[in-house]
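Colleague: fold the following for me, if possible:
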Amino acid sequence: MKTEHYDLIVIGAGAAGVMASITAASEGKKVLLLEKLSKIAAKLKATGGGKCNLTNTLSNEDFISHFGREGRFMRDALYKFDHKELVNFMQKIGVDTHAPDGFRIFPTSHSSSTIISKLQKEMQRLKVKIIHNQRVEKLLFTDSSIDGVQTQDSLYTAKNVIIATGGLGYPALGAEGDGYLLAQELGHKVTELSPAMMPLKTEENWAQCRADTVSKVELRVALPKYKKLYARGDLIFTKSGIRGPVVLDFAREITPLLNKFKEVPITANLTKGMNENDILQYFKQAKAKNSQASIEENLLPILASCVIRKLCQSLDIKSSAIFHTLEGKSRDALIKILASTPFTITGHDGFKMAMITRGGIFLKQIDPKTMQSKLIKGLYFCGEVMDIDGPCGGYNLQWSFSSGYLAGHLYN
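Modeller: So this is what the prediction gives:
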């Protein structure tokens, strides 16, 4: 078994691992990047349907707030390498970017292949050695200090090792959770792992509404202890449940609950945030304009016909009825379901459809100022392998680059 020595070994050639490799190599370190697949950045290539939403234009504090309690952990990494620094870095390696909607930042080519190609060239320029089809089977250490790694056919020694193996989402792209096992063998704790950023299955069947997107929907968990959990965005109905940006964001809150409960009740405000009183006033104004207009005609400016009919059908009300001619109980029921439509989440398709993983390496065992392990000197973490995740919109990819940048400075 051959042995080679490096200043740094990076395990995993995703966005975080590549960024860590480039950072260390740019400071003169001899870097080895080990990737078990035949190509680098397989998951990055699939990000945003291949368009690659790199990051967004939020201020650092607003960005951090979208990660919940764990967001505090990312402060040092983000302030050293935020979206402005990422855009500048991309420009330096030849990737132009823009924010067509003023928020999400993409490469102007709208192709992740452009980014991957330029990252590869930058690593070649900096003489980062990349070895593909190499699975790390064991971390080598003595006296609480890292010594290197062992793969299926080689030993590589180094006083610094970065685990950047990602989570469990999209196993077809190489996600197997090997980073968790490597860390656990050295005493690190791994929190509960759940698939996130994915479609959800519902007990209710709204398949006939698949052609329509409901915009500005607010979803909330309808369980006493979890009522503060919510998300806003566009919703799309599927054959078996719901999807769309709001569902992808909300799934990171729902999947851990499905580990505790067989099903999770939620409510959806389908009327762009209008509460019951707002909806009542809306119907009164509609009556003033046309007292003979049907419920469906009244609601068409804010909801698709299919959705209106489905809601009315669930209450045994005809969508062709005139609102102010309904009995009081029927009017109240319609207003209530418009403001708070009930759904029951019954499941999901597991990690095979999950864009990210909820949970990971326990953050209290990692120094947020360096990304270095508090247990093993010279061992670092970056990216999704840690217990930190954010919503859609470039949050998770920015975190991968920021944490990779910080870890790559090597404070050992």
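
Colleague: in terms of secondary structure, what does the longest helix that the chain contains contact?
Modeller: With DSSP state H applied, the helix covering the greatest number of residues in the chain is identified as helix 245-260. Helices and strands touching helix 245-260, as assessed by 3 or more C-beta pairs under 8 Å, 6 or more residues apart in numbering; DSSP states H and E, comprise strand 194-196, strand 200-202, strand 213-221, strand 230-237, strand 264-269, strand 341-347, strand 356-358. Backbone N, C-alpha and C define where each C-beta goes, glycine included.

Colleague: closest to residue 152 out of those strands?
Modeller: For the helices and strands packed on helix 245-260, the distance to residue 152 is smallest for strand 356-358, at 24.7 Å, taking C-beta to C-beta.

Colleague: before we move on, back to that, could I get the helices and strands packed on helix 245-260 as JSON lines with mean neighbour count and mean pLDDT?
Modeller: As requested, the helices and strands packed on helix 245-260 are exported to JSON lines (neighbours: other C-beta atoms under 10 Å; pLDDT from 0 to 100):
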{"stretch": "strand 194-196", "mean neighbour count": "26", "mean pLDDT": "93"}
{"stretch": "strand 200-202", "mean neighbour count": "21", "mean pLDDT": "97"}
{"stretch": "strand 213-221", "mean neighbour count": "20", "mean pLDDT": "96"}
{"stretch": "strand 230-237", "mean neighbour count": "20", "mean pLDDT": "95"}
{"stretch": "strand 264-269", "mean neighbour count": "21", "mean pLDDT": "98"}
{"stretch": "strand 341-347", "mean neighbour count": "19", "mean pLDDT": "98"}
{"stretch": "strand 356-358", "mean neighbour count": "26", "mean pLDDT": "94"}
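
Colleague: of those, which approaches residue 129 most closely?
Modeller: Distances from residue 129 to each of the helices and strands packed on helix 245-260 were compared using C-beta to C-beta; the minimum, 28.3 Å, belongs to strand 356-358.

Colleague: run the chain-centre distance for that closest one.
Modeller: Using C-alpha atoms, centre = their mean, to the nearest Å, we find the averaged C-alpha position of strand 356-358 to lie 7 Å away from the chain's own average C-alpha position.

Colleague: using the record's domain definitions, break this protein down for me.
Modeller: Residue ranges for each domain of the chain read 2-194+358-407, 199-348, as given by automatic domain parsing.

Colleague: which of the ones you listed sits most buried?
Modeller: Relative to the other members of the domains of the chain, domain 2-194+358-407 carries the highest mean neighbour count by mean count of other C-beta atoms under 10 Å, namely a mean of 20.

Colleague: just the terminal-to-terminal distance for that one.
Modeller: End-to-end distance of domain 2-194+358-407: 27 Å, with C-alpha to C-alpha, to the nearest Å as the criterion.

Colleague: with stretch 23-37 instead?
Modeller: Length of stretch 23-37, first residue to last, C-alpha to C-alpha: 22 Å.

Colleague: how far away from the center of its chain is it?
Modeller: Between the centre of stretch 23-37 and the centre of its host chain there is 26 Å, according to C-alpha atoms, centre = their mean.

Colleague: quick one: average pLDDT of that stretch?
Modeller: When the per-residue pLDDT values of stretch 23-37 are averaged, the result is 97.

Colleague: quick one: secondary structure of residue 106?
Modeller: The assignment at residue 106 comes out as strand when based on DSSP: H, G, I helix; E, B strand; the rest coil.

Colleague: wait, what's in contact with it?
Modeller: Residues in contact with residue 106, defined by C-beta atoms under 8 Å, 6 or more residues apart in numbering, are 48, 51-54, 97-100.

Colleague: low-scoring stretches of the stretch 1-150 of the chain, by residue?
Modeller: In the predicted model of the stretch 1-150 of the chain, residues 1 satisfy pLDDT under 70.

Colleague: just the strands in the stretch 1-150 of the chain please.
Modeller: Assigned strands in the stretch 1-150 of the chain, in chain order: 2-5, 8-11, 31-34, 55-56, 97-98, 104-107, 129-131, 136-142, 145-151 (criterion: DSSP state E, counting those that start in this stretch).

Colleague: of the ones you listed, which is nearest residue 162?
Modeller: Ranking the strands of the stretch 1-150 of the chain by their distance to residue 162 (criterion: C-beta to C-beta) puts strand 8-11 first, at 4.6 Å.

Colleague: residue 407 versus residue 368, what's the distance?
Modeller: Using C-beta to C-beta, to the nearest Å, one gets 11 Å for the distance from residue 368 to residue 407.

Colleague: right, and residue 402 touches residue 78 too?
Modeller: Yes: the pair residue 402 and residue 78 qualifies as a contact (C-beta atoms under 8 Å) at a distance of 5.1 Å.
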